[in-house]
Structure formats: structure tokens, C-alpha cells
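# sequence? don't have it. structure:
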Ligand code: SFD
Ligand code: AMP
């Protein structure tokens with residue numbers, strides 16, 4: 001097998017929104033560094049924004065009296081039912097506008113209102129003509145990076161003899177070349193995870209999900225195996241979406257002011273408000289805040305669906321006119337083309353009839369209305385300016401957005417407890433991580449990596465093991481793919497999705513689980529891991545990519561289950577409920593759940609960390 005070693009100063013894993021932001025900012029602060037970005041697809045059209053987007057969901061704007069970073073923190077904290085890292089969210093909010101202004105300068109067409117201002121979708125969002133959003137952002141990264149390796153998948157991170165970050169290994173998904181990237185500083189920005197839970201779409205449609213099929217949980221898998229502390233993995237996300245096409249709802253509700261009702265035309269949330277208040281209001285009155293937290297909106301729809309008063313409808317027909325019809329269609333054509341195809345294919349005229357809305361299968365991610373990811377150090381100025389004594393130190397340990405592994409930084413979906421970043425905030429967080437990564441590099445300029453070559457050799461052997469296994473066992477295949485000694489990636493994926501759906505609160509179990517169910521899930525995940533290690537097989541490099549994506553998904557799933565088991569309450573009903581702990585418990589559980597995985601012992605340490613309110617709640 002051909003091998004290539006690349007020496008870098010800064011290695012960026014994943015060239016999506018956060019990765020592109022990291023490349024751009026690292027170059028600004030460090031003119032001469034060797035900045036290398038590795039992307040498993042091609043940065044021009046990779047990641048969640050591959051298809052484009054129709055809105056920038058995080059933008060403060062000039063109306064500072066209204067849209068302050070403090071106001072944003074309060075909004076986000078309400079949406080996440082009281083648990084966020086104020087320092088991380090505030091940090092994104094205070095910098096995000098400069099990112100949007102860069103996008104504007106680089107040629108992203110941002111819609112304007114009649115006064116020439118950016119057209120607001122809602123209080124925090126603006127509308128764009130975003131079909132080519134990713135290509136525009138990627139161009140900036142391509143100009144900034146020393147080198148971009150497209151079509152190279154990173155499978156594992158490397159640590160040196162002192163347990164510090166030392167780089168990563170991976171392979172070219174087209175020709176199989178083995179890559180070793182050596183770097184004192186690594187920024188992981190490898191995106192979120194779909195397809196851990198059984199999708200609602202089936203058979204040939206199974207690739208259609210809201211978060212894309214290629215969101216493989218690598219950010220989590222890589223970090224978990226490297227021993228980084230993870231946070232809030234239990235808060236996985238089911239999002240209200242147009243049925244089958246997964247078209248987003250924001251522009252419809254906020255800009256076009258479409259209403260969502262049950263089949264009888266009633267407002268689901270109003271119907272269940274009292275019941276929701278009783279169980280989930282907590283100390284902050286979550287059911288009474290405006291806007292209603294995303295998960296409570298999902299919950300009320302679920303309650304109506306369970307009661308048999310579905311489907312839930314978005315009343316497009318009441319708001320679309322000849323004048324704004326184009327806006328409605330463009331919302332989908334910019335970012336979820338399949339939704340427009342569903343309309344065309346099913347003869348739906350959205351001006352004449354409503355469309356169904358359905359909560360999606362759960363995703364693991366950290367940049368939308370949820371917060372899975374690594375536990376990261378925050379901005380120093382915020383921690384140090386507060387008189388929270390020793391407690392605030394748990395939010396800061398040297399470098400902004402550095403994980404608990406020395407030299408390993410995170411951004412975008414990879415960074416936990418920092419929700420509502422969306423595309424602009426993820427790019428911004430990449431910038432923040434890169435700026436402090438450059439500082440780390442300068443502070444550690446006299447240190448040298450001590451990488452054990454035998455470790456790299458072992459990683460190499462392990463990486464290609466599925467292909468070796470196939471070559472050894474291919475003559476034992478009986479019919480089709482049936483083989484006694486091999487497990488294909490799609491077989492493993494089907495097992496993972498089934499067990500997560502049935503035991504870990506997927507849509508098939510009405511997003512509900514319990515101690516018993518989660519322990520069943522854990523048992524099955526352990527067996528799946530054993531089978532992966534002993535039987536995973538790949539016929540070619542494309543299957544090898546899929547196989548390692550499966551491994552990252554399995555680790556992500558295990559983290560989710562371990563976290564869900566630990567949290568003995570129902571904090572985000574709608575995302576998931578615990579039948580054995582059906583209510584929210586602010587006294588006992590307004591805490592972060594954190595975990596660390598020991599990959600040698602294959603064991604998890606799980607613990608809680610207090611929430612510190614740095615921004616006064618209005
Ligand atoms: O309406 C490896 N998002 C929206 N954000 C907005 O601002 N406005 C919207 O309108 C948005 N909407 C939306 C959104 C997403 C999707 C899928 C739809 C609609 C249909 C959210 C943003 O897109 C999201 O927050 C950011 O993109 C997150 O950024 P980041 O950088 O954390 O993830 P990424 O962009 O997916 O990039 C990850 C990259 O890593 C690569 N990768 N490379 C090498 N080795 C590996 N092992 C790798 N694993 C992954 C990926 O290929 C990718 O390039 S709306 O719904 O809210
Ligand atoms: P979506 O299109 O659903 O991904 O949402 C885009 C943006 O609008 C995100 O910031 C959402 O939190 C927000 N949003 C979506 N629906 C609503 C709603 N009904 N009320 C308030 N905010 C919403």
C-alpha cells in the first residue's frame with residue numbers, strides 16, 4: 001500500500017463550515033504556518049451545506065438594542081431548557097456578524113428588504129440565495145490553506161508519547177493511499193451524525209434524511225477514541241420537518257408566518273400547554289417563554305399524533321400568494337431540493353393545500369437546536385472577569401475551544417454545549433478555534449512531537465483490516481453477500497439503526513426509553529462492536545470509507561446511550577422522554593453530563609458538571 005507522510009503546523013479535519021472558518025482564520029494569524037485541511041469529500045460541495053442553504057440562522061444585526069449577544073444567550077438557554085455553556089454561546093454571538101459580513105464581501109447573495117437591509121427571516125436569522133453558499137465559503141479556505149487533501153478520510157487521531165495531540169491517519173477514498181498527518185495542533189471539525197437511528201425513509205429512499213447521509217459522526221468517533229471529554233451526548237435532536245423531503249420549517253413559520261396545526265386545524269401546543277407546564281416548566285418556566293423551545297414544539301405535535309389527530313399540517317396554502325410563491329419554492333430549492341421534488345412528484349400545489357410536518361429521526365449534532373460534542377475550554381476573558389471562584393475554572397483551561405486533550409481543538413458540530421451556531425456560527429467557531437490554535441502553536445514552538453512509529457504501523461494495519469479480511473474470505477461468500485466470516489457496513493448499520501430506534505428512543509418507539517431499554521441497547525452495541533472488530537469487511541475503498549464511518553457512528557451511539565442512562569430525568573421531551581423519569585428536574589439535573597472513554601479498557605467514565613449562569617436571565 002502506498003503511504004504518504006505530511007508534516008503540518010495546523011491540521012484541520014473536515015472542510016465544512018467550521019473547517020473552512022478555521023483555515024481562513026489560521027492563515028490570518030499565522031502567515032508562514034503550514035495549514036493543512038483534510039476532507040473526505042471535496043470542500044467545494046462537502047458537509048451539511050453541500051446542497052446550499054436558504055438562510056443564515058445566526059446573525060445579530062445592527063439593532064443592538066434588540067439583538068445583543070446577552071439576549072442571544074438567553075434565547076438559546078431557553079431553547080435548550082436551561083443547559084448551555086453561556087461563555088461559548090456568547091463568544092459566537094459577539095463575533096458572528098463579522099463572519100456574515102465576510103460572506104457578503106465574498107459574493108454570497110444575501111436578500112435585502114425594501115430599505116436595503118438584510119432581509120430578516122426571524123429575530124436572529126436572515127435570508128440568502130444560498131445555492132452556492134458552500135462553494136463561496138470553500139474558495140476562501142482554498143486560498144488560505146497551504147494544502148487541501150480532498151477525498152481523504154481521517155479514521156483516527158494520533159497522540160505522542162506525552163499523551164499530546166500529534167496528528168491523524170487516514171486514507172484516500174479513491175486510490176487507497178495511506179496518509180499520516182503529523183501535527184502538534186489538530187482542529188476537529190468533522191460534522192454531526194445522521195443514520196445512527198433508523199431513518200423514517202426506507203429502502204431506496206433511506207439516503208434521504210435531514211442531516212445528510214455523509215454526516216457520519218466522525219467528529220464524535222475521532223474525539224471519543226482519542227479520550228476527549230464529551231458533553232451532552234444525550235441531547236440528540238429530532239427536528240420538525242416537512243414529511244418525506246425533510247424541508248426545514250423556519251422560513252415558513254418566521255418569515256411567511258404559516259401556522260402549524262393538527263388535522264382539525266387546532267394549535268397543538270396550546271392544546272397541551274397545561275400538561276406540558278406541569279411536567280416540564282422547571283424553575284425557569286420553559287413552557288411560557290417565547291419562542292417556545294424547539295423540543296416542546298416537537299412534543300406537542302407528537303402528543304397530537306399519538307392521540308390520532310394527525311397529520312400535523314403546515315398551512316402553506318394560507319400564506320403563499322403569487323407574489324411570494326417564488327420565495328417558498330426557493331427555500332427548498334436552495335437547501336432541500338428533494339422537498340420541491342416531493343411537491344412536484346405528488347402534484348402538491350402549496351398555494352392550494354397544506355403539507356405534512358413530521359418529527360424526524362434523531363441526529364447527533366452540536367450546531368442546530370442541540371448541543372452534542374466535546375467539552376471545550378472557553379474564552380479566557382469571560383471566565384476571568386467573573387467572580388465565580390474556582391467553579392469558573394472548569395470552563396477555561398488555557399486555550400479557547402481546546403478539548404481536554406492537549407493540542408486538540410474543536411469547532412462546529414464537534415464542539416458541545418454551544419448550540420444555535422448554525423452555518424455562520426460554525427464558521428465563526430472555526431475561526432475562534434484557529435486563532436487560539438495559532439497561539440498554542442507559538443507557545444509550544446520549542447516542543448517536538450515524539451511519535452512512536454510502531455503505533456502508526458498498527459493503525460495502518462487496523463485501517464486496512466476490512467479489505468484484508470475480504471481478500472481472505474471472499475471465496476466463502478455463498479449467495480449474494482452471505483458469508484460466515486464477514487460483516488458488511490450496511491449490515492452493521494442496519495443493526496445499529498434498529499437497536500437505537502427500538503431501545504434508545506427513536507421514532508419507532510415514540511422517542512421514549514427507560515433504564516431497562518437503554519441497558520438492552522448497550523448490550524447490543526457491545527456485541528456490534530465485537531462483531532465489527534472481528535468481522536468488518538470491505539470489498540473496495542468506497543466500502544472501506546463506509547466501514548469506518550460505521551465505526552464512528554457506533555462510538556457516537558454508545559456515547560449517546562451511556563449519557564441517556566446517566567441523566568435520570570426527562571429534560572427535552574420531544575427529543576426524547578424517559579418513561580421511568582417522566583418529568584424535568586431542575587434541582588437534581590440542571591447539569592451537564594460529561595463522559596470520557598477509555599478505548600483500551602473499552603469503559604466509560606460519566607460525571608456531571610454544574611451549569612454556571614454567566615449572563616443574567618431576563
Ligand atoms: O434551515 C470528514 N443548517 C443551517 N444553517 C444555517 O445557518 N441556515 C440554514 O438554513 C440551515 N438549515 C440547514 C442546515 C443543515 C442542513 C443539512 C439542512 C438545512 C438541510 C446547519 C448548518 O449546515 C450546520 O450547522 C453547519 O454546516 C455545521 O458545520 P460543521 O463544519 O460542524 O459541519 P459540516 O459543515 O457538515 O462539515 C463537516 C465536514 O467534515 C467532513 N468530514 N473529513 C475527513 N475525514 C472524516 N472522517 C470526516 N468526517 C466528516 C465532511 O465531509 C464535511 O465537509 S436549517 O435546517 O436550519
Ligand atoms: P429550521 O428551518 O426549522 O431549521 O429553523 C431555522 C431557524 O428558525 C432556527 O433558528 C430555528 O430555531 C428557528 N425556528 C424554526 N421554527 C420556529 C418557530 N416556530 N418559532 C421560533 N423559531 C423557529
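All right, it came through fine. Only a predicted model underlies this, so the values are computations on that prediction, with no experimental measurement involved. Ligands and ions are numbered 1, 2, ... in the order given.

# give me the number of residues near the residue lying closest to residue 509 once chain neighbours are set aside?
Closest residue to residue 509 apart from its sequence neighbours, by CB to CB, 6 or more residues apart in numbering: residue 502 at 5.8 Å. In short, each C-beta sits where N, CA and C put it, glycine included. Neighbour count of residue 502, defined by other CB atoms under 10 Å: 18.

# separation between residue 502 and residue 510?
The gap separating residue 502 from residue 510 is 11 Å, by CB to CB, to the nearest Å.

# Contact partners for the closest residue to ligand 2 within the stretch 151-300 of the chain?
The shortest separation between the stretch 151-300 of the chain and ligand 2 is 2.5 Å, found at residue 250 (distances taken as CB to the nearest ligand atom). Contacts of residue 250 were listed using CB atoms under 8 Å, 6 or more residues apart in numbering, and they are 55, 57, 121-122, 125.

# Please look at residue 125 and residue 254 and confirm they touch.
Yes - under the criterion of CB atoms under 8 Å, residue 125 makes contact with residue 254 at 6.7 Å.

# Show me which of those two is the more surrounded one.
Between residue 125 and residue 254, counting by other CB under 10 Å, residue 125 is the more crowded of the two (21 against 18).

# show me the contacts for the most centrally placed residue in the chain.
Of all residues in the chain, the one closest to the mean position by CA atoms, centre = their mean is residue 365, 2.2 Å from it. Taking CB under 8 Å, 6+ apart as the criterion, residue 365 is in contact with 191-193, 211, 215, 236-237, 372, 413.

# Output those of those residues also counted as contacts of ligand 1.
191, 211, 215, 413 (CB under 6 Å from any ligand atom).

# Now for the nearest residue to residue 444 once chain neighbours are set aside: which residues touch it?
Sequence neighbours aside, residue 184 is the residue nearest to residue 444 in space, at 6.1 Å (criterion: CB to CB, 6+ apart). Residues counted as contacts of residue 184 (CB under 8 Å, 6+ apart) are 9, 164-166, 407, 440-441, 444, 447, 449.

# Farthest pair within those?
Farthest-apart pair in the contacts of residue 184 is 9 and 164; separation 14.6 Å (CB to CB).

# hey, where'd the strands end up in the stretch 101-250 of the chain?
Remark: strands assigned in the stretch 101-250 of the chain by DSSP state E, counting those that start in this stretch are 126-130, 147-149, 152-159, 165-172, 178-182, 185-188, 230-231, 240-242.

# Comparing those, which comes out most buried?
Across the strands of the stretch 101-250 of the chain, averaging neighbours per residue (mean count of other CB atoms under 10 Å) puts strand 185-188 on top, at a mean of 32.

# partner strands of that one, parallel or antiparallel?
Sheet partners assigned to strand 185-188 using DSSP bridges are listed as strand 10-13 (parallel), strand 408-410 (parallel).

# now for the next helix or strand after the first one, which elements pack on it?
When you say that, I think you mean strand 10-13. Once strand 10-13 ends, the next helix or strand along the chain (criterion: DSSP states H and E) is helix 17-29. Counting contacts by 3 or more CB pairs under 8 Å, 6 or more residues apart in numbering; DSSP states H and E, helix 17-29 packs against strand 10-13, strand 35-38, helix 133-144, helix 422-443.

# Relative to the whole chain's centre, how far out is the last one?
It refers to helix 422-443. 17 Å (CA atoms, centre = their mean, to the nearest Å).

# now that helix and strand 126-130, what's the angle there?
Using axes from the mean of the first three to the mean of the last three CA atoms, to 10 degrees, the interaxial angle of helix 422-443 with respect to strand 126-130 works out to 90 degrees.

# neighbours of residue 195, just the number please.
25.

# If I follow the layout properly, it ends up in contact with residue 492?
No - Residue 195 lies out of contact with residue 492 (CB under 8 Å); the separation is 11.4 Å.

# got a list of what residue 301 touches?
For residue 301, the contact set (CB under 8 Å, 6+ apart) comprises 240, 260, 268, 312, 357, 359.

# low-scoring pLDDT stretches of the stretch 451-600 of the chain, where are they?
Across the stretch 451-600 of the chain, not a single residue meets the criterion (pLDDT under 70).

# For the residue of the chain most remote from its centre, give its distance to ligand 1.
When each C-alpha in the chain is compared with the mean C-alpha position (CA atoms, centre = their mean), residue 475 comes out farthest, at 40.2 Å. Remark: distance between residue 475 and ligand 1 (CB to the nearest ligand atom, to the nearest Å) = 32 Å.

# Contacts only, for that residue.
Listed by CB under 8 Å, 6+ apart, the contact set of residue 475 is empty.

# same thing but at 10 Å, please
residue 483 (CB atoms under 10 Å, 6 or more residues apart in numbering).

# cool, and the one 10 residues further on?
Contact analysis of residue 485 by CB under 10 Å, 6+ apart lists 469-470, 472-473, 476-477, 534-535, 537.

# who wins for most neighbours among those residues?
Top of the contacts of residue 485 by neighbour number is residue 537, holding 26 neighbours under the definition other CB under 10 Å.

# Surely that one touches residue 470?
Yes - between residue 537 and residue 470 a contact is recorded at 4.5 Å, counting by CB atoms under 10 Å.
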